[in-house]
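[1] sequence first, predicted coordinates after that:
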Amino acid sequence: MKIRKAVIPAAGFGTRFLPATKAVPKEMLPIIDKPTIQYIVEEAVAAGIEDLLIITSRGKDALVNHFDKAFELESVLEHDGKEEMLAAARGVSDKINVHFIRQQEQKGLGHAVLYAKSFIGNEPFAVMLGDDVVVSDKPCIGQLMEQYDNCGTTVLGVQKVGMEHVSKYGIVDCEKVDGRLYELRGMVEKPKREDAPSDIAVLGRYVITPAIFNCLEKTPKGAGGEIQLTDALVMLAQKEKMYAYNFEGKRYDIGSKQGFLQATVDFALARPDLKDEFSDYIKSIVNTI
Ligand code: G1P
């Protein structure tokens, strides 16, 4: 079955970026001039996703406005013949159907994904987390969708993170099947280094079968007192085969300040309109650090 729908959970408080996130949703913080969530939505568009559900919460109306038509602004830019700005203002809004639902209480990632149950219905779907931005030739979620086409069951996007970082992620216990594909044996959310089955982490991209909703409904609070998607996936893996795919691409953890800064610098150096002046600047300060 073709993957047509994706879910982006975006209900968190964004406390790591206070005070910026007091009045502005963290997903609206820009990397250069584009809100981080737009990079994720563009990845979904590039992979052929048709319908997207963004799970928001109170105080995040800017997200809804961002994917709406900015009618007055667009007519002024159109009138003035400012084509480039017009395209930037239009963004991706006319390339994908964006739907919204509000999570009433923040009880964890698993709880947020459960809000997508009636939107998804009985088909496999993608989950894309906004804290992970991936730069790759083929869209990261598209790589997982391709794997889904072959194996017809849940596929988690993973990469090695190094043992020193395992306590930040969902860590998989898996066996290599072929090339970049692994069969999943188990998974644990944010383990201590000594308890981690590997250093292979799930990095914010999933293609999941709809049987997950039944599991999510039965999932008790887990790590951090939250209802974890990882725990529901472990339950699902007992019923269906599950795979992990070591996706190609450079992934930035933009939920951390270091990752956000790295993405900003790399993205600027990759932009034809910015790179010359910006790389001259970087070179000029390198020896002063
Ligand atoms: C979430 C997931 C975790 C995953 C991570 C990827 O954690 O619960 O399994 O490895 O995203 O970035 P969070 O970063 O929301 O705490």
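    Received, thanks.
[2] end-to-end on stretch 8-18?
    Start and end residues of stretch 8-18 are separated by 22 Å (Cα to Cα, to the nearest Å).
[3] number the residues from 45 up from this point.
    OK, 45 is where the count begins now, so the last one is stretch 52-62.
[4] which residues are in contact with it?
    For stretch 52-62, the surrounding residues in contact (Cβ atoms under 8 Å, 6 or more residues apart in numbering) are 64-65, 69-71, 73, 81, 84-85, 88, 96-101, 104, 107, 146-147, 150, 153, 156-157, 171-174, 299-301, 304. In short, each C-beta sits where N, CA and C put it, glycine included.
[5] buried ones in it?
    For stretch 52-62, burial by neighbour count (16 or more other Cβ atoms under 10 Å) applies to 52, 53, 54, 55, 56, 58, 61.
[6] same check on stretch 144-152?
    In terms of neighbour count (16+ other Cβ under 10 Å), stretch 144-152 has its buried residues at 145, 147, 152.
[7] distance of the residue in the chain positioned nearest to the ligand relative to residue 230?
    Closest residue of the chain to the ligand, Cβ to the nearest ligand atom: residue 214 (2.4 Å). Using Cβ to Cβ, to the nearest Å, residue 214 is found at 11 Å from residue 230.
[8] ok so, going back, out of the contacts of stretch 52-62, which touch the ligand?
    Of the residues in those, proximity to the ligand by Cβ under 6 Å from any ligand atom holds for 153, 173, 299.
[9] for stretch 260-272, what is the average pLDDT?
    Here stretch 260-272 scores 94 as its mean pLDDT.
[10] next: stretch 77-89.
    95.
[11] now it: buried residues?
    79, 80, 81, 82, 83, 84, 85, 86, 87, 88, 89.
[12] what sits up against it?
    Here stretch 77-89 makes contact (Cβ under 8 Å, 6+ apart) with 50, 52, 54, 70-75, 96, 98, 107, 110-111, 132, 135-136, 139-140, 142, 170, 172, 174, 177-178, 183-186, 298.
[13] filter those residues down to the ones in strands?
    Taking DSSP state E, the ones among the contacts of stretch 77-89 that sit in strands are 50, 52, 74, 75, 96, 98, 142, 170, 172, 177, 178.
[14] buried subset of the residues you listed?
    If you count burial by 16+ other Cβ under 10 Å, the buried members of the ones in strands among the contacts of stretch 77-89 come out as 50, 52, 75, 96, 98, 142, 170, 172, 177, 178.
[15] show me what the fourth one is bridged to.
    Meaning residue 96. Beta-bridge pairing for residue 96 (DSSP bridges): residue 50, residue 142.
[16] any idea how far it lies from residue 146?
    For residue 96, the distance to residue 146 (Cβ to Cβ) stands at 16 Å.
[17] now the third one
    The gap separating residue 75 from residue 146 is 25 Å, by Cβ to Cβ.
[18] cool, the second one as well?
    Using Cβ to Cβ, one gets 14 Å for the distance from residue 52 to residue 146.
[19] packing partners of the helix or strand bottoming out on mean pLDDT in the chain?
    Lowest mean confidence among the helices and strands of the chain (mean pLDDT, DSSP states H and E): helix 127-134, at a mean of 81. The helices and strands touching helix 127-134, judged by 3 or more Cβ pairs under 8 Å, 6 or more residues apart in numbering; DSSP states H and E, are helix 115-123.
[20] list the contacts of the residue most central in space within the chain.
    Residue closest to the average C-alpha location in the chain (Cα atoms, centre = their mean): residue 173, at 2.4 Å. Residue 173 is in contact with 52, 53, 153, 248, 249, counting by Cβ under 8 Å, 6+ apart.
[21] now those as a markdown table including pLDDT?
    Listed next are these as a markdown table, based on pLDDT from 0 to 100:
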| residue | pLDDT |
| --- | --- |
| 52 | 97 |
| 53 | 96 |
| 153 | 95 |
| 248 | 96 |
| 249 | 98 |
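[22] nearest to residue 318, of those residues?
    Closest to residue 318 out of those is residue 248 (26.2 Å), distances taken as Cβ to Cβ.
[23] element containing that closest one?
    Element membership for residue 248, per DSSP states H and E: strand 244-252.
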